[in-house]
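Student: Structure here, sequence nowhere to be found:
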């Protein structure tokens, strides 16, 4: 007597339910415990430590001179909440079951990378300290590219090993910052298999390398040009990744090709990148990294790009 295919399939589905239900329950417990912990971190940073309060207020006030003191205060309050989430999100993403990770990091148009990969183009993804950048470690699960990014080693051995684990467990290959430019450019120039390079491009330049300046957030801003120089020296496609926070710990990523940039014209790519970033910040200001002392006194010798 032949078994009924429908009955067999139904029982197979039912047999999987306990495992799925347990995974879902564990994911919910992890999410709620992280929310509680985030609130405790928020109270500590905002009211006990008053972490970098002066820097945050100065950055927001200088970037939004038309906003009132009350509006700046609301942005600060929201930023402390966001910063508390940021501190916990790498650990949440590491511990989360796969089904929860898919909810935490979603991609609206991964076909942009698929199309470039099929064309054999290497890619430089220009990311930022807006929204969440740590979740981009799951890009190897989204694309066929081998994914690389820079990494700053930490002096403490155990902490260094932990951070390497948190940032590489999904397949991203880390390149130490010392010698990053040369090694990254070599990877982009390899034609056998195209590579994808993630560059966090809105960081403050290292001391002595801050001669390039552009207007950004109503301020004269020193900028890094490493991503632009690598793009100009390779055939890499240039893609901006926009991060949008949909809910606590949950982000949506959208890829935008920077097609209208002329890599022959100095600062063209960098200025286009900062225009994208400024637009993202203007939509929801509290999700950028305001506690970073981004605008320090500049050196005497500077080059301005209007």
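Tutor: Noted; the coordinates are in hand. Every value quoted in this text rests on a predicted model; they were computed, and no experiment measured them.
Student: Tell me where the stretch 1-150 of the chain has helices.
Tutor: 5-43, 53-63, 69-95, 98-104, 111-118 (DSSP state H, counting those that start in this stretch).
Student: Identify the residues contacting the last one?
Tutor: This points to helix 111-118. 123, 142, 143, 144, 145, 194, 196, 237, 239, 255, 257 (CB atoms under 8 Å, 6 or more residues apart in numbering). From N, CA and C alone the C-beta is placed, and that goes for glycine too.
Student: hmm, back to that, out of the helices of the stretch 1-150 of the chain, flag the one nearest residue 205.
Tutor: Nearest to residue 205, of all these, is helix 53-63, at 17.0 Å by CB to CB.
Student: Now that closest one: average pLDDT?
Tutor: Mean pLDDT, computed over helix 53-63, is 97.
Student: With stretch 139-149 instead?
Tutor: pLDDT averaged over stretch 139-149 gives 97.
Student: distance between the ends of that stretch?
Tutor: 11 Å (CA to CA, to the nearest Å).
Student: So which bits of stretch 250-267 are buried?
Tutor: For stretch 250-267, the neighbour count (16 or more other CB atoms under 10 Å) marks 250, 251, 253, 255, 258, 261, 263, 266, 267 as buried.
Student: Ok, stretch 202-218 next?
Tutor: Here stretch 202-218 shows 202, 203, 204, 205, 210, 211, 212, 213, 214, 216, 217 as buried, counting by 16+ other CB under 10 Å.
Student: Same check on stretch 100-117?
Tutor: Buried residues in stretch 100-117, counting neighbours by 16+ other CB under 10 Å, are found at 100, 101, 104, 105, 106, 107, 112, 113, 116, 117.
Student: what's residue 248 sitting at in phi/psi?
Tutor: When read as degrees, to the nearest 10, the backbone of residue 248 gives phi -60, psi 130.
Student: so it sits right up against residue 36, yeah?
Tutor: No. Using CB atoms under 8 Å, residue 248 is not in contact with residue 36; the gap is 11.4 Å.
Student: Tell me the spacing between residue 177 and residue 224.
Tutor: 12 Å (CB to CB, to the nearest Å).
Student: more crowded one of these two?
Tutor: More crowded of residue 177 and residue 224, by other CB atoms under 10 Å: residue 224, with 19 against 12.
Student: For the more buried one, list the residues it contacts.
Tutor: The neighbourhood of residue 224, defined by CB under 8 Å, 6+ apart, consists of 201, 203, 204, 205, 209.
Student: Closest to residue 50 out of the residues you listed?
Tutor: Distances from residue 50 to the contacts of residue 224, taken by CB to CB, are shortest for residue 204, at 22.7 Å.
Student: The closest one and residue 59, how far apart?
Tutor: 12 Å.
Student: any residues in contact with both of the two?
Tutor: 293, 294.
Student: Would you mind stating the distance between residue 205 and residue 216?
Tutor: Residue 205 is 13 Å from residue 216, where distance means CB to CB.
Student: Give the residues shared as contacts by these two.
Tutor: Residues touching both residue 205 and residue 216 (CB under 8 Å, 6+ apart) are residue 223.
Student: tally of neighbours for residue 236?
Tutor: By other CB under 10 Å, 26 other residues sit near residue 236.
Student: Contacts only, for it.
Tutor: Contacts of residue 236 by CB under 8 Å, 6+ apart are 121, 122, 123, 124, 188, 197, 230.
Student: Closest one of those to residue 172?
Tutor: residue 197 (10.6 Å).
Student: Could you look up the SS state of residue 256?
Tutor: Judged by DSSP: H, G, I helix; E, B strand; the rest coil, the three-state class of residue 256 is strand.
Student: related to what we said a few turns ago, any common contacting residues for residue 177 and residue 224?
Tutor: With CB under 8 Å, 6+ apart, residue 177 and residue 224 have no common neighbours.
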